[in-house]
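Student: Sequence first, predicted model second:
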Amino acid sequence: MDKSDKIYVAGHRGLVGSAIVRNLKEKGYTNIIGKTHKELDLTNQQSVREFFENERPDIVILAAAKVGGINANNTTPAEFAYENMQIQCNVIKCAHDYKVKKLLFLGSTCIYPRLAPQPIPEDALLTGPLEETNEAYAIAKISGLEMCKFFKRQYGDNFISCMPTNLYGPHDNYDLSGSHVMPAMIRKFHDAKQNNSRNVELWGTGAPLREFLYVDDMADACVFLLENYDGEQHVNIGTGKEVTIKELAEAVRRVVGFEGDIIWNKDMPDGMPRKLTDVTKIHKLGWTHKVELEEGIKLAYDWFKENIKDARL
């Protein structure tokens, strides 16, 4: 990449996209463009084609997606499948047609098989049944990863993909109807503290193991891959470290300062039993994370408190 390249970040105002924009600017990339959903509906094929015709970006980072936690995935699977496939098909095909120099597609480790080997290597994709609670999203994102691979293989397009683990940080979604586990915990513990509640209810048993990556570290890895990687296979982005959901809850409670009890609703689903990435590949390429979990939770909670009026609640 050249510092003067026109870089289109799809999803530039979300958790992932905003972090990537921050990182690009810190590294001296100045020609960055983005469109809000009102300005550009990525599910509309004609609108996407007109955007590429007018803007002619050199680099595309596809960070736009319909995302959510277990509840959102369970209750609206058709929308998760349809909207994500539409976004991916429209952007990737236009990136090819308008001869984009490089495209980065972001997957998610939740699209690996439910019982994948742990830590999960890149070649575990498509080797077993998916986790039912996010199957629609997983199938859509797998399609995007494979599409990038096929365009590279057939046409030589420089389309690469990465597989970030569970992310958290500034501009996260704190709406409990669709949020992921980390922002949901921050919101619940914060509200309970403010309301002097005696307890907080969390879903599941607390037993599943999860890996968490601060979103600014993820963004740094994405820009690193754009600058240093051209391979066909996707690359895992993570810390290589894991905690139980129960340990995570205790860490979030400490940071927020909630002193009440945690009640685990075991009638609600746990999701995948374990999900830890094998980060050997990206470490060999020369990248490692910087922000450890408790520090990251503090940074995320500080942002939440400072921006609560504008946060997605």
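Tutor: All right, it came through fine. Numbers count the residues shown, from 1 in each chain.

Student: CA only for contacts and neighbour counts going forward, please
Tutor: Fine.

Student: Skipping its backbone neighbours, what lies nearest residue 169 in space?
Tutor: residue 300 (4.6 Å; C-alpha to C-alpha, 6 or more residues apart in numbering).

Student: er, residue 149 I mean
Tutor: Closest residue in space to residue 149, ignoring its immediate chain neighbours: residue 232 at 5.8 Å, by C-alpha to C-alpha, 6+ apart.

Student: so what's the one you found up against?
Tutor: Contacts for residue 232 (C-alpha atoms under 8 Å, 6 or more residues apart in numbering) come out as 149, 152, 153, 159, 160, 161.

Student: cool, and residue 209?
Tutor: 242, 243, 244, 245, 273, 274, 275, 276.

Student: Next, give me the two most distant ones among these.
Tutor: Farthest-apart pair in the contacts of residue 209 is 245 and 276; separation 12.9 Å (C-alpha to C-alpha).

Student: Out of the contacts of residue 232, grab the one that's most surrounded.
Tutor: Neighbour counts for the contacts of residue 232 peak at residue 159, which has 30 neighbours (criterion: other C-alpha atoms under 10 Å).

Student: what about residue 244, distance to residue 113?
Tutor: In this view, residue 244 and residue 113 are 19 Å apart by C-alpha to C-alpha, to the nearest Å.

Student: Next: residue 93.
Tutor: 27 Å.

Student: Neighbour count for those two, which is higher?
Tutor: Ranked by neighbour count (other C-alpha under 10 Å), residue 93 and residue 113 place residue 113 first, with 22 against 17.

Student: so the more buried one, which of the three states?
Tutor: Using DSSP: H, G, I helix; E, B strand; the rest coil, the structure places residue 113 in coil.

Student: show me what contacts the residue lying closest to it once chain neighbours are set aside?
Tutor: For residue 113, ignoring the flanking residues on the chain, the nearest one in space by C-alpha to C-alpha, 6+ apart is residue 130 at 4.5 Å. Residues in contact with residue 130 (C-alpha under 8 Å, 6+ apart) are 111, 112, 113, 114, 138.

Student: redo that, cut-off 10 Å
Tutor: Going by C-alpha atoms under 10 Å, 6 or more residues apart in numbering, residue 130 touches 110, 111, 112, 113, 114, 115, 116, 136, 138, 139, 272.

Student: now swap in residue 30 and tell me
Tutor: 3, 4, 5, 6, 7, 21, 24.

Student: and with 8 Å instead?
Tutor: By C-alpha under 8 Å, 6+ apart, the residues touching residue 30 are 3, 4, 24.

Student: May I see the PyMOL selection of the buried members of those?
Tutor: Of the contacts of residue 30, the buried ones can be selected in PyMOL as follows, counting by 16 or more other C-alpha atoms under 10 Å:
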select buried, resi 24
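
Student: Make a markdown table out of the contacts of residue 30 and add distance to residue 123.
Tutor: Written out in a markdown table, the entries for these read as follows (distance: C-alpha to C-alpha, whole Å):
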| residue | distance to residue 123 |
| --- | --- |
| 3 | 33 |
| 4 | 35 |
| 24 | 29 |
